[in-house]
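*Asks:* Generate a structure from the sequence data that follows.
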Amino acid sequence: MLTLAVLAFALTLPATFYLFAKNMALVAQTWHTPTQLTIYLEDGISSVEAEQVRDKLAGWPEISKVRYISPDQGLEEFREQAGFEHAISLLDDNPLPAVVIVEPGTQWQAAEAASQLAAQLRTQPEVAEVRLDSDWLQRLAAIKQLVITWRELCQA
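*Replies:* Alright, predicted model coming up:
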């Protein structure tokens, strides 16, 4: 009985890893999540000024897409999420800042390049904060590399 259990485990483990690697390789080939940078603008910036920032950033060659979210739009999106309607009704004022979502161009998608772009964006006077989860990007790149390596080993 113990021999059967060991044999089953010995055959199941490599098969499971192979199927996992094969599926992850397919996902890595077809799934491309572009890097996004979230830019929080200074408090008190008018919507006209925020749209000027959006237009200025849209002209940067490093940036492929720019989306402006006003504080009111942000509050409305937050309200639409389940469970937050009551909490939002308790607020006197809208605490959300104006936000610009930036999608870098193809050459700026890598973690290091996206970090450089975030540093450039932080120097803009209207920008209060730039969020880029570079740790997540580095982990994603490591997972992709692991899957590619595993796939190459399985095909050899």
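*Asks:* Helices along the protein, start to end?
*Replies:* When assigned using DSSP state H, the helices of the chain occupy the ranges 2-30, 47-58, 71-80, 85-89, 111-122, 134-155.
*Asks:* counting contacts, what elements does the second one pack onto?
*Replies:* Judged by 3 or more CB pairs under 8 Å, 6 or more residues apart in numbering; DSSP states H and E, helix 47-58 is in contact with strand 37-41, strand 63-69, strand 99-104. C-beta coordinates here come from the backbone N, C-alpha and C atoms, glycine included.
*Asks:* repeat that for 10 Å
*Replies:* strand 37-41, strand 63-69, helix 71-80, strand 99-104 (3 or more CB pairs under 10 Å, 6 or more residues apart in numbering; DSSP states H and E).
*Asks:* What lies in contact with the shortest one?
*Replies:* If you take CB atoms under 10 Å, 6 or more residues apart in numbering as the criterion, strand 37-41 is touched by 49-50, 53-54, 57, 63, 66, 68-69, 71, 96-104, 108, 114-115, 117-118, 121-122, 124, 126-133.
*Asks:* Give me the sheet partners of it and which way each runs.
*Replies:* Its sheet considered, strand 37-41 pairs with strand 99-104 (antiparallel), strand 127-131 (antiparallel) by DSSP bridges.
*Asks:* Show me where the chain dips below the pLDDT cut-off.
*Replies:* Applying pLDDT under 70 to the chain picks out residues 26-34, 82, 133-137, 156.
*Asks:* hmm, try it at 50
*Replies:* For the chain, no stretch is flagged by pLDDT under 50.
*Asks:* Serialize the helices and strands packed on helix 47-58 to a markdown table and add fields for distance to Phe9 and mean neighbour count.
*Replies:* Output for the helices and strands packed on helix 47-58, formatted as a markdown table (distance: least, CB to CB, whole Å; neighbours: other CB atoms under 10 Å):
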| stretch | distance to Phe9 | mean neighbour count |
| --- | --- | --- |
| strand 37-41 | 46 | 20 |
| strand 63-69 | 48 | 17 |
| helix 71-80 | 48 | 14 |
| strand 99-104 | 46 | 20 |
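*Asks:* Kindly reformat the ones you listed as a markdown table containing distance to Phe17.
*Replies:* Putting those into a markdown table (distance: least, CB to CB, whole Å) gives the following:
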| stretch | distance to Phe17 |
| --- | --- |
| strand 37-41 | 35 |
| strand 63-69 | 37 |
| helix 71-80 | 40 |
| strand 99-104 | 34 |
